[in-house]
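Engineer: No letters, just coordinates:
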């Protein structure tokens, strides 16, 4: 991830209020959906998954979380619009890590809304639901990190815009994969403990979901890495710049994440990593990408 | 279910006679059972004698019930049909149709009348009265009984509304409560288990080790998932061959199971072996050879065929008979807990239906009341007009309008109250009082002269 002039900016209170409101909306929608699912599955008294066909839900129980998520999504969009207007720009305001976080959350919320409209919703039951707490947690993280301030990017640099765009899209895919991984681990745990708390999609469906997320995210991550390296070479002709980049925490963390995801894409090389272990690795990969966000913003010389 | 709807008791003669698994032994239920063609034939025969009576026959393996509705509706022909249906007549019909002695039914049948019929049907359709609480098959059986009656033109407005409401209420109960949640058989729990691991079965291999009753039952359920391949292994090649013939599957050598364990995705075991066949040590190597593909193992043998430690291996999901039975017990407990909630839902439907039925039945009485009063008004008006020849045509018309307006205004409030859903008095008694006070039975015969 690249940044230029190293100028730190702080987030205004109205922006933070909108972020908090959006986070609360996602958390509330998740809680409503979770409560409904637990009620329908009979709490912790049952075991194993229910039949594949999910019973239909009363309209109100379905609409309220949907409505709340739409409000949260609009709040995220409002934050981006606010920042664009404040910066006198009429495009996506990718000028710092805060923008990146909000855009990432917006993508996750839109993905959740897409899953709700999907006819194949049962097959992704679990990861779809976990996208909401992921979004809420990322917003809280974005708000919390704002206390330290965000380093500004050079907004006019086309390489940077391409690089940051690929990073955000790729991270959104891995965030979805991480949500799928948590769902997988929960489903696996329920099966091993012979207790069902939440109705989940089958392990095979969850595995497919994680794989699809990685298949989509991996090329974007690769693209982001390549554009990052190329930009470093272009902006700083000195050979020491490339060497500094290679030794920087963001490069090392990104490389480890890249290797992890590459391994998950080629699980046949290490079949013992299948199942729960692969889910843990996917979570680790996503955590590394979040660490890259932090490294880009706060680590010196990164 | 409490008798909350006493005050709205319908005037229709709703009657149901039946016998079920609680009141009649299997031998008797077998003798009075109906198949689809017999239902059609019985409906035709019953309605030949009583064409105005709405009739539905509900016949399942656990119950036979004959539902009748003979709407009085104030029409003499229909009222006579109503008078003709009785519990004894229905029992006699049942015995006669099946060629058994009527006395054989003595003490084994039950009957319900009026709103108790509604309550009973709603409870039956929602499977509150089933042998297995919350089973969903009864819903389709009631639907089929209703459809057969519709095809035989044996259903009128009352049963159309009643059966459709029963089906809708049952669906609501199943959706909004835990009454039909979970699984109630060990084999179906095992199916749920494999469905929570795999999303498709056409590329899966099922390995059955042993040929005991329980294992064979499991296989029957698994076969319904249409797996890509089924392999049977048993010490007795003869028994294995019998099962293999039944499911058109391959037979494996019992002493060389490992290659099949590597290939299989679902393993069902149920042998009589005293020692575990599949130890953790043995399975560890097999799991490696399988490249850690998920493996579901269902062990229904006692003593167990699969060592407990196997369930701790990576991507192996092991369930024994205790695990499966625990689920079944929990399901029963959940369903029992859902009974009260289900009954509350059904009470609302029952109340609404009985009100609809009651309001529908006062229609002819209200009509007769209006006709009677307007007839009196008309006669009196004619006398007045004859005595006052000096009145202009406009004045005559105005007086006539006033008389009818007064009658309508006088009747409006009592009629509205009579059909109000929250009426606290006994609707049937009130209707009878009205009929008596206004001599509506006599008036019904008089045609108004207007």
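Structural biologist: Looks like it arrived, so ask away. Bear in mind the structure is a predicted one, so any value in this text is a computation, not a measurement.

Engineer: mind listing what the residue sitting nearest the centre point of chain A touches?
Structural biologist: Residue closest to the mean C-alpha point of chain A, counted by Cα atoms, centre = their mean, is residue A:175 at 2.9 Å. By Cβ atoms under 8 Å, 6 or more residues apart in numbering or on different chains, residue A:175 lies in contact with A:104, A:108, A:131, A:134, A:138, A:286. Heads up, the C-betas are built off the backbone N, CA and C, glycines and all.

Engineer: quick one: which of those is nearest to residue B:201?
Structural biologist: Proximity to residue B:201 was ranked across the contacts of residue A:175 by Cβ to Cβ; first place goes to residue A:131, at 28.6 Å.

Engineer: Quick one: residues contacting that closest one.
Structural biologist: For residue A:131, the contact set (Cβ under 8 Å, 6+ apart) comprises A:108, A:109, A:111, A:112, A:115, A:175, A:176, A:179.

Engineer: Which strands or helices does the host helix or strand of the fourth one pack on?
Structural biologist: It refers to residue A:112. Per DSSP states H and E: residue A:112 is located in helix A:97-117. Using 3 or more Cβ pairs under 8 Å, 6 or more residues apart in numbering or on different chains; DSSP states H and E, the elements in contact with helix A:97-117 are helix A:13-41, helix A:59-86, helix A:127-145, strand A:150-151, helix A:158-193, helix A:276-298.

Engineer: To residue B:58, which of the ones you listed lies closest?
Structural biologist: Across these, residue B:58 has its closest neighbour in helix A:13-41 (29.9 Å, Cβ to Cβ).

Engineer: Flag every buried residue along the closest one.
Structural biologist: Within helix A:13-41, the residues that count as buried by 16 or more other Cβ atoms under 10 Å in any protein chain shown are A:15-16, A:18-19, A:21-30, A:32-34, A:36-37, A:40-41.

Engineer: now the angle from that helix to helix A:97-117?
Structural biologist: Computed with axes from the mean of the first three to the mean of the last three Cα atoms, to 10 degrees, the direction of helix A:13-41 lies at 30 degrees from that of helix A:97-117.

Engineer: Would you map the strands across the stretch 201-350 of chain B?
Structural biologist: For the stretch 201-350 of chain B, the strands defined by DSSP state E, counting those that start in this stretch cover B:205-209, B:229-233, B:250-252, B:266-269, B:295-299, B:316-320.

Engineer: Parallel or antiparallel, list what pairs with the helix or strand of chain A with the lowest mean pLDDT.
Structural biologist: Every helix and strand of chain A was ranked by mean pLDDT, DSSP states H and E. The lowest is strand A:8-9, at a mean of 72. Here strand A:8-9 is paired, per DSSP bridges, with strand A:150-151 (antiparallel).

Engineer: Mind checking the pLDDT average for stretch B:358-365?
Structural biologist: In this model, stretch B:358-365 has a mean pLDDT of 76.

Engineer: quick one: that stretch to chain centroid distance?
Structural biologist: Here the centre of stretch B:358-365 is set off from its chain's centre by 28 Å, with Cα atoms, centre = their mean, to the nearest Å.

Engineer: Please spell out which residues along it are buried.
Structural biologist: For stretch B:358-365, by 16+ other Cβ under 10 Å, it's B:358, B:359, B:360, B:361, B:362, B:364, B:365.

Engineer: for chain B, what are the low-confidence residue spans?
Structural biologist: B:1-12, B:71-84, B:421-428, B:441-450 (pLDDT under 70).

Engineer: buried residues in stretch B:346-357?
Structural biologist: Applying 16+ other Cβ under 10 Å to stretch B:346-357 flags B:346, B:347, B:349, B:350, B:351, B:353, B:354, B:355, B:356, B:357 as buried.

Engineer: which one among those residues gets closest to chain A?
Structural biologist: residue B:349 (16.0 Å; Cβ to the nearest Cβ).

Engineer: Identify the residue spatially nearest to the closest one, adjacent ones excluded.
Structural biologist: residue B:169 (3.9 Å; Cβ to Cβ, 6 or more residues apart in numbering or on different chains).

Engineer: Tell me which residue of chain B is furthest from the middle?
Structural biologist: Chain B, farthest from centre, Cα atoms, centre = their mean: residue B:390 at 70.1 Å.

Engineer: distance of that residue from residue B:380?
Structural biologist: Distance, residue B:390 to residue B:380, using Cβ to Cβ, to the nearest Å: 19 Å.

Engineer: Local confidence estimate at residue A:221?
Structural biologist: Taking residue A:221 on its own, its pLDDT is 94.

Engineer: actually residue A:2, sorry about that
Structural biologist: pLDDT, residue A:2: 38.

Engineer: list the contacts for whatever residue of the stretch 201-350 of chain B ends up closest to chain A?
Structural biologist: Residue nearest to chain A within the stretch 201-350 of chain B (Cβ to the nearest Cβ): residue B:291, separated by 3.9 Å. Listed by Cβ under 8 Å, 6+ apart, the contact partners of residue B:291 are A:268, A:271, A:274.
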